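1. Prediction below, plus the sequence it came from.
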Amino acid sequence: IESYRLKTMLNWCQSTLERPQYGNSSFLCSTCEMAVAYLKTFSKCEEAKAIVHQAVDKICSLTGSFEVQCSFLGGMFIDKYIDTISTMDPDSACMTMHMCS
């Protein structure tokens with residue numbers, strides 16, 4: 001059920017998100033998969049979640065035109081959905097977030 005909620009909420013935001021350019025899509029996908037793998041490792045500890053927030057901010061700074069959207073989504077959803085995302089495999093999580101095709 002939580003995965004469904006995450007997908008629904010992300011779809012609400014989809015109209016404000018730009019689609020990645022073809023050249024950027026593999027970078028965004030691999031960055032997302034790396035971030036999800038990182039979340040799975042550190043999802044049980046509150047101190048680690050703060051580190052994840054910092055990592056998300058750093059990752060978002062690498063996404064060029066997606067930085068604002070990335071930071072917005074990270075700030076809004078990271079605390080609430082970190083546990084849900086950490087139960088998914090990186091491919092599925094990033095496809096749900098429309099970062100991978």
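-> Everything's here; your move.
2. Contacts only, for residue 35.
-> 55, 56, 59 (C-beta atoms under 8 Å, 6 or more residues apart in numbering). (Each C-beta comes from the backbone N, C-alpha and C, glycine too.)
3. how far away is the closest residue in space to the first one that isn't next to it in sequence from residue 90?
-> Translated: residue 55. Excluding the flanking residues, the one nearest residue 55 by C-beta to C-beta, 6 or more residues apart in numbering is residue 38, at 6.2 Å. As judged by C-beta to C-beta, to the nearest Å, residue 38 and residue 90 stand 9 Å apart.
4. Residue 53 too?
-> 19 Å.
5. so how many other residues sit close to residue 101?
-> Counted by other C-beta atoms under 10 Å, the residues lying close to residue 101 total 10.
6. so how many other residues sit close to residue 37?
-> Residue 37: 13 neighbours (other C-beta under 10 Å).
7. ok, which stretches of the chain are helices?
-> 2-13, 22-42, 46-60, 67-86, 90-96 (DSSP state H).
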